[in-house]
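1. Below: sequence and its predicted model.
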Amino acid sequence: MKVLELEFVQKSSNVGALTILNIRVIEKWIFFHNSELYKEYHKI
């Protein structure tokens, strides 16, 4: 039981680290696209 719990915690922390990385990438992507959209919007 302890081994399974340990594995679960390790997997969870890996997923957590990946999620944080993904959020940062997504934030940059959204910021980039928002700035592009902002430029397009102001051309009109």
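-> Okay, I see it.
2. Which elements pack onto the helix or strand harbouring L37?
-> Per DSSP states H and E: L37 is located in helix 2-43. Contact partners of helix 2-43 among helices and strands, from 3 or more Cβ pairs under 8 Å, 6 or more residues apart in numbering; DSSP states H and E: none. C-beta here means a position set from N, CA and C on the backbone, and glycine is covered the same way.
3. So, low pLDDT: which residues of this structure?
-> Applying pLDDT under 70 to the chain flags the ranges 1, 44.
4. How many residues are close by E40?
-> 9 (other Cβ atoms under 10 Å).
5. For it, give its distance to N14.
-> 39 Å (Cβ to Cβ, to the nearest Å).
6. can you check Y38 too?
-> Remark: distance between Y38 and N14 (Cβ to Cβ) = 36 Å.
7. Then Y41?
-> Counting by Cβ to Cβ, the gap from Y41 to N14 is 40 Å.
8. Distance of the residue nearest to the spatial centre of the chain relative to A17?
-> Centroid check for the chain by Cα atoms, centre = their mean gives I23 as the closest residue, at 1.7 Å. Separation of I23 from A17 (Cβ to Cβ) stands at 11 Å.
9. Could you do W29 as well?
-> 19 Å.
10. Check K2 too.
-> The value you get for K2 to A17, if Cβ to Cβ is used, is 23 Å.
11. Which one's more surrounded, these two?
-> Neighbour count, other Cβ under 10 Å: between K2 and A17, A17 has more, with 10 against 6.
12. Give me the neighbour count for F8.
-> F8: 10 neighbours (other Cβ under 10 Å).
13. for it, what are its contacts?
-> Counting by Cβ atoms under 8 Å, 6 or more residues apart in numbering, F8 touches no other residue.
14. Tell me how far it lies from N14.
-> 11 Å.
15. One more: N22?
-> Taken as Cβ to Cβ, the span from N22 to N14 is 12 Å.
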